[in-house]
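In: need coordinates for the below:
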Amino acid sequence: MRARYSQQSAEESEDINMTPMLDVVFILLIFFIVTTSFVKETGIDVVRPTAQTAQQKNASNILIGIRDNGEIWIDKRRVQLDAVRANVERMLAEAPEASVIVIADHKAETGVLVDTMDQARLAGAENVSIAAERN
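Out: Predicted coordinates:
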């Protein structure tokens with residue numbers, strides 16, 4: 001009887017308990033998902049103008065794109081000029097410290113650019129910038 005008991009305990013001790021390892025892997029997965037920052041895009045490709053004083057901004061930003069034909073894009077959606085203010089207000093409510101960056105095509109009309117920046121400032125954005133390529 002004694003030999004049988006020792007044989008069973010030897011078989012049981014060879015099994016590896018995977019539960020703690022799976023718990024650690026799951027916690028690491030949650031950690032990486034939470035700490036990942038996602039890149040926001042305007043939804044359009046524009047040819048930005050160049051400037052010698054262009055600077056890199058790394059904080060959370062609200063991106064507004066203006067195409068060469070005057071179309072305004074926010075969050076991969078085309079919006080009208082009068083809807084820019086409401087969209088920026090909503091995004092500022094989610095991230096109050098965010099700055100607004102207008103990415104305008106170099107052939108876009110200046111009037112559309114100025115009106116868009118004006119709507120962003122009326123929405124409460126304190127920091128409104130124009131994106132440019134560095135020379």
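In: which residues of the protein fall in strands?
Out: Counting by DSSP state E, residue ranges of the strands within the chain are 50-51, 61-66, 72-74, 77-79, 99-104, 128-130, 133-134.
In: adding mean pLDDT, distance to Ala120 and mean neighbour count, write those out as CSV.
Out: All C-beta atoms are positioned from the backbone trio N, CA, C, and that covers glycine. Below are the strands of the chain laid out as CSV (pLDDT from 0 to 100; distance: least, Cβ to Cβ, whole Å; neighbours: other Cβ atoms under 10 Å):
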stretch, mean pLDDT, distance to Ala120, mean neighbour count
strand 50-51, 70, 19, 12
strand 61-66, 89, 7, 23
strand 72-74, 92, 10, 22
strand 77-79, 92, 12, 13
strand 99-104, 90, 4, 22
strand 128-130, 87, 5, 18
strand 133-134, 72, 21, 11
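In: which residues does the nearest residue to Asn87 once chain neighbours are set aside bridge with?
Out: Nearest residue to Asn87, sequence neighbours excluded (Cβ to Cβ, 6 or more residues apart in numbering): Ile74, at 5.0 Å. Beta bridges link Ile74 to Ile64, Arg77, judged by DSSP bridges.
In: how much space separates Ile74 from Ala86?
Out: 10 Å (Cβ to Cβ, to the nearest Å).
In: do the same with Glu94
Out: Taken as Cβ to Cβ, the span from Glu94 to Ala86 is 13 Å.
In: and Ala95, what are its phi and psi?
Out: phi -140, psi 90 (degrees, to the nearest 10).
In: mind pulling up the pLDDT for it?
Out: You'll see Ala95 listed with a pLDDT of 85.
In: pull the number of nearby residues for it.
Out: 12 (other Cβ atoms under 10 Å).
In: could you list the low-pLDDT ranges of the chain?
Out: Within the chain, the ranges that satisfy pLDDT under 70 run 1-13, 37-50, 52-60, 134-135.
In: which parts of it are helices?
Out: 2-14, 19-35, 81-94, 110-122 (DSSP state H).
In: and the direction of the third one versus that of strand 61-66, what angle?
Out: Same thing as helix 81-94. Inter-element angle recorded for helix 81-94 and strand 61-66: 170 degrees (by axes from the mean of the first three to the mean of the last three Cα atoms, to 10 degrees).
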